[in-house]
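S.K.: have a look at this prediction, sequence included:
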Amino acid sequence: MQEIKVQQKHFLVYGGSGHVGHALVCALLQEGHKVTATYCNNKITMAHQNLEVIFFDMSSSLPIVIPGPLDGIAFCIGLDKKAQAIKKIEESMAQNVGESAHLFSRLAVGGIQAGLPSLRQSSNPNIVFIGSLVGSKAFISPLEFAASQGAMNGLIEVLSKDLGRDKIKINSIAPGVLEGGASENLSKQLKYDYLKHCSLRRYGKAIEVANMAVWFLEENSYITGKTIVLDGGL
Amino acid sequence: MYKKLLLKDKKVVVTGGSKGLGRAVVLACAKEGAQVAFTYAHDDAAATKTEQLVGSVGFKYKISATSLVENIKMAQELKERWGGIDILINNAGRSEFLPMALMEESDWRTTLDLNLTGAFITVKAFLPLMVAQKKGHVMNVGSLAGVRILAAPIDYSASKAGLKGFSEALAKEVGRYNIQVNCFAPGILDGGVAMGIPENKIRDYIDQLSIKRIATFDEAARALAFFVSDKNSYMSGATLIFDGGL
Amino acid sequence: MSKFRESSFFSISESICPVCRRILSGKILLKEGKVFLAKRCPEHGHFEALLSSDDKYWVNSLSYTKPGQLPLKFSKAFDKGCPEDCGLCEEHEQHTCSPIIEINNKCDLECPVCIVWNENNYEMSFEDFKKIVDGLIEKEGSLELVLLSGGEPTLHSQFEKFAQYITSKKEIKRVLISSHGLRIAKDEEFAKRFAQLGLYLSLQFDTLRGDVYEKLRGRDLLADKMKCLERCEKYKIPTVIVPTIARGYNEDEVGALANFAFKHDFITSVTFQPMAYTGKGGSSFSVDESLPITQADMHQLLATQTDWLKKEDFLPIPCSHPQCYSATYLLKVAEAEFIPLTRFGEINSYLDAMANRALLDSGGRTAEMLQDAVYSLWSAQSITVDSKKVNDSLKNIIKQNQASCCALDLQKYNEGKFKAIFIHSFMDENNFEVSRIRKCCTHYALPDGRLMPGCSYNNIHRHRDERLKRK
């Protein structure tokens, strides 16, 4: 026996044009599922019979409502380049530090609220948030971003309690430094230090994060409220 | 619609595979395309039953998880038969609730020997095969009791917490050989070691879960089969808490 | 008549005229399994020098290279190009692994093989010495070792003051003295003080035969050398023995010398130096293009003359140019019993831990190398190596490393457990290649702050050094 029979599902991916988001969209389509993917700055040009593409700006657009059953939502939206700059505390603006946490939380809560009626129609609904290592382990990062990831981890734990009554599982996947993507903004020294201390001695790949997210969206029936760290053993 | 097998052609060793979670893991791995060798110490009938259920892709070894000599012999035989192994799942373990006041040193040692030292011994026997092929995955089955404050036996909790530290340190040491080491920490499972707990305590526990139910062996085993597959290729030194949201 | 050349052209190589030392363009030729450097001076004619007696080894060794380490600062900007800008210039490809400070040019021997020009007219002042030592620390931060040389450095009138100063610097882990050993042999009180200063001895030790000393060093020094070693053992002076190997004189003794070194715990390594035909003695020592002993020759000689070494145990060191140094590291598994680390693991990636120093790197790379060696052995379950002996030896080393509370004792302990055989090929005016200078990491440290790659100094710049010119 080479393959296992599975049912086609429908997933919503916020940030489907990003580094990990794009990999996730492709992986879900490859599994045969239907995907509704959003984009903001980089339009998704890929065409596929199971793919629907929607413009979505997390600071202004209303969260997306999917008619009919929805088996999972993935949040893959990152920060813009300006917010990704690593600054010393003397250079940071205190009033800006919470902005990213506010944006992510608003996206997560709003997106989940909008998706609830559809998620409740699924037999095994899952929500996955693509976060970052910096919310779980001490690693140099922009202050705003680190604050936002820590906030999301707490939010996910609490939401898991609330959503559990609808059997909706919610988890975060926290990748370490990946090849490409936002890691391009890290300094050579930081990336060198990461490699030195990473047990597997390499950067991760977007597809590895996507594979984990696919399982959590498609199969996960019991893990909830957790942050899954994918950092090669840092 | 079909999806590919997660463990196609993988060679898997499961300790304590004759019954309970171990049997479920053996069956889940076999279902995903693996060949599975499992160990057991006492229950011949259960082991035979597992062998029958898994079919031609699985076979049993009666050895003690705490015997280095026997484990090395098994490793050498598997090297002859399979050429190497890809995945080692350290599941063998025991639990018996005794309060501190009644726990003897011998009880403590027996639990630690099987649950923690047993994992060390099987790794010592099988890891060279993975080092030689520069690839492998070791999954140590811990417990929620090793990562959270729970009303669990002290010796059991200590051994499972020990497995977490063992997994992390080993991940660090052998990551350079492309070997991943992780810890799978389930909460109470239906039919598992905690089922001797009074019913009211189980109800209290379920009340605190987000999912409001206890998972089955099969659910845990299917999750574990994914986490030891090549689809999980960048996780190491992690502890996967499978608890339904406590 | 053949229409083809007798040799295969491999590449261009910049060299110098052996007579006038002008820079020339030469070519590397492969001929009859050997490698030659051919060059033509417009004034002095055609020259050819043997570079290697094994073309496969020579070509393969070129791949043993890795990015050099940057020094904290360079002394000179790029101007005329290599080797004119020596100092180090900002184009140099490696930092200073092994600095040499020549504190005098006085010696009481007139060795026929000497590669320097001792005019017996120079002693470095303490101020200059201080400047050099402080300058080295400024450029490198910390140094695994510094070598004091000369002439004969122990004859310097302020030798012990110099030694006290440099050993007081915690940034410098070891201080080696390159010496003929006669003062230690003749003066026991000096030997004691040498040991108390914590100095290492890099001892010229060419042969176990008195008549060969006469030919290479001008006198039968065997009794003095053995007395020196006796004192080193008595006062626990860690010693590196440095035989100069000259074809026709002592190349039949390399095995015996290696065996001799490995019988004694206080001898940490052997550095074989194939004869370089430069310097006051060396340049007039008889030379024929078939006579130079190359790296490949040394590997063959050691393999043939011992029953515990193979040619494959020797690997080029990528720290400097791969044709400058090759080495093997060996683990002590029993009394006088050593096994090359190459036998139980892929240690190629750890050649930088070996570097080109006579002594083991004390940093993390050595620990990683040991761990990989342990794992390789464990997973291979090799039947050609006595696994239990090796495992026990490694386990004792690892345990001792944790039990030891004194870093210095630990360093000495580790030096007893691992020995190295180095083969260091100097260049002379015949086989000089500018490409090898570019990545040299063995530098003479001069009072004006320059760091001069060794062979560049010996073949070109020493003649221009005002300090050493006859007044």
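M.R.: Okay, I see it. Numbering: from 1, shown residues only, chains lettered A, B, ... in the order given.
S.K.: switch to C-alpha atoms for all contacts and neighbour counts from now on
M.R.: Will do.
S.K.: the closest residue to residue C:106 other than its chain neighbours and chain B, how far apart?
M.R.: Residue nearest to residue C:106 in three dimensions, not counting chain neighbours: residue C:120, with 4.1 Å by C-alpha to C-alpha, 6 or more residues apart in numbering or on different chains. Residue C:120 sits 55 Å away from chain B, going by C-alpha to the nearest C-alpha, to the nearest Å.
S.K.: same deal with residue C:464?
M.R.: Per C-alpha to the nearest C-alpha, residue C:464 is found 51 Å from chain B.
S.K.: per-residue pLDDT, that residue?
M.R.: With respect to pLDDT, residue C:464 scores 74.
S.K.: that one: neighbouring residues, count only.
M.R.: Neighbour count for residue C:464, taken as other C-alpha atoms under 10 Å in any protein chain shown: 10.
S.K.: residues contacting the residue nearest to residue B:49 when sequence neighbours are not counted?
M.R.: Excluding the flanking residues, the one nearest residue B:49 by C-alpha to C-alpha, 6+ apart is residue B:18, at 7.8 Å. Each residue near residue B:18 by C-alpha atoms under 8 Å, 6 or more residues apart in numbering or on different chains is listed here: B:38-40, B:43, B:46-50.
S.K.: what about chain A, any weak spots by pLDDT?
M.R.: A:1-2, A:79-89, A:92-97 (pLDDT under 70).
S.K.: how about the helices of it, start to end?
M.R.: Under the criterion DSSP state H, chain A contains helices at A:19-30, A:99-119, A:143-163, A:188-197, A:206-218.
S.K.: what does the fourth one contact?
M.R.: Residues lying outside helix A:188-197 but in contact with it, judged by C-alpha under 8 Å, 6+ apart, are A:140, A:177, A:201-203, A:234.
S.K.: quick one on the thing from earlier: tell me if I am right that the residue nearest to residue B:49 is in a strand.
M.R.: No - Residue B:18 is assigned coil when assessed by DSSP: H, G, I helix; E, B strand; the rest coil, not a strand.
S.K.: thinking again about what came up before, need the helices of chain A in a markdown table (columns: distance to residue C:393).
M.R.: Below are the helices of chain A laid out as a markdown table (distance: least, C-alpha to C-alpha, whole Å):
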| stretch | distance to residue C:393 |
| --- | --- |
| helix A:19-30 | 49 |
| helix A:99-119 | 55 |
| helix A:143-163 | 47 |
| helix A:188-197 | 28 |
| helix A:206-218 | 41 |
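S.K.: pretty sure the residue nearest to residue C:106 sits in a strand.
M.R.: No - looking at residue C:120 with three-state DSSP, it is coil, so not inside a strand.
S.K.: from residue B:136, how far off is it?
M.R.: According to C-alpha to C-alpha, to the nearest Å, residue C:120 stands 66 Å off from residue B:136.
S.K.: which of these two has more residues huddled nearby?
M.R.: Neighbour comparison, residue C:120 and residue B:136: the larger count goes to residue B:136, with 25 against 14 (by other C-alpha under 10 Å).
S.K.: show me what the lengthiest strand in chain B is packed against.
M.R.: Using DSSP state E, we find that the single longest strand of chain B is strand B:179-186. On a contact count with 3 or more C-alpha pairs under 8 Å, 6 or more residues apart in numbering or on different chains; DSSP states H and E, strand B:179-186 meets strand B:136-141, helix B:154-174, strand B:239-242.
S.K.: tell me the buried residues in stretch A:192-211?
M.R.: A:194-195, A:198-211 (16 or more other C-alpha atoms under 10 Å in any protein chain shown).
S.K.: repeat that for stretch B:136-151.
M.R.: Neighbour-count burial for stretch B:136-151, with 16+ other C-alpha under 10 Å as criterion, is recorded at B:136-147.
S.K.: stretch B:33-53 now?
M.R.: Buried residues in stretch B:33-53 (16+ other C-alpha under 10 Å): B:33-41, B:46-47, B:50-51.
S.K.: so residue C:437: helix, strand or coil?
M.R.: Residue C:437 is classified as helix under three-state DSSP.
S.K.: ok, the residue lying closest to residue C:97 once chain neighbours are set aside - contacts?
M.R.: Leaving aside its sequence neighbours, residue C:97 sits nearest to residue C:441 (C-alpha to C-alpha, 6+ apart; 5.3 Å). Counting by C-alpha under 8 Å, 6+ apart, residue C:441 touches C:94-99, C:319-320, C:453.
S.K.: with residue B:116 instead?
M.R.: Contacts of residue B:116 by C-alpha under 8 Å, 6+ apart are B:159-160, B:162-163.
S.K.: ok, so of those, who is nearest chain C?
M.R.: Among the contacts of residue B:116, residue B:163 lies closest to chain C (C-alpha to the nearest C-alpha), at 21.8 Å.
S.K.: now do that closest one against residue B:194, distance only.
M.R.: Per C-alpha to C-alpha, residue B:163 is found 18 Å from residue B:194.
S.K.: the two: which has the busier surroundings?
M.R.: Neighbour totals were compared for residue B:163 and residue B:194, and residue B:163 leads with 28 against 17 (other C-alpha under 10 Å).
S.K.: next, residue C:390: secondary structure please.
M.R.: helix.
S.K.: that one and chain A, how far apart?
M.R.: Separation of residue C:390 from chain A (C-alpha to the nearest C-alpha): 26 Å.
S.K.: same thing with residue C:246?
M.R.: On the measure of C-alpha to the nearest C-alpha, residue C:246 and chain A end up 45 Å apart.
S.K.: number of residues surrounding that residue?
M.R.: When neighbours are counted by other C-alpha under 10 Å, residue C:246 comes out with 21.
S.K.: what's it in contact with, if anything?
M.R.: Contacts of residue C:246 (C-alpha under 8 Å, 6+ apart): C:274-275, C:292-293.
S.K.: most neighbours among the residues you listed, which one?
M.R.: The most neighbours of any of the contacts of residue C:246, using other C-alpha under 10 Å, belong to residue C:275, which has 25 neighbours.
S.K.: that one contacts residue C:293, correct?
M.R.: Yes - the pair residue C:275 and residue C:293 qualifies as a contact (C-alpha atoms under 8 Å) at a distance of 7.1 Å.
S.K.: spit out the residues that contact the two alike.
M.R.: Contact with both residue C:275 and residue C:293 is made by residues C:245-247, according to C-alpha under 8 Å, 6+ apart.
S.K.: narrow those residues to those in strands?
M.R.: Those of those lying in strands (DSSP E): residue C:245.
S.K.: could I get the shared contacts of residue C:275 and residue C:293 as a markdown table with pLDDT?
M.R.: Formatted as a markdown table, those follow (pLDDT from 0 to 100):
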| residue | pLDDT |
| --- | --- |
| C:245 | 93 |
| C:246 | 89 |
| C:247 | 87 |
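S.K.: out of the shared contacts of residue C:275 and residue C:293, which is nearest to residue B:130?
M.R.: For the shared contacts of residue C:275 and residue C:293, the minimum distance to residue B:130 (C-alpha to C-alpha) is 45.8 Å, reached by residue C:245.
S.K.: pull the residues that contact stretch B:159-172.
M.R.: Contacting residues not belonging to stretch B:159-172 are listed as A:198-199, A:233-234, B:111-112, B:115-116, B:119, B:140-143, B:145-147, B:179-183, B:236-239 [C-alpha under 8 Å, 6+ apart].
S.K.: at 7 Å instead, please
M.R.: By C-alpha atoms under 7 Å, 6 or more residues apart in numbering or on different chains, the residues outside stretch B:159-172 that reach it are A:199, A:233, B:112, B:115-116, B:140, B:142-143, B:145-147, B:180-183, B:236-237, B:239.
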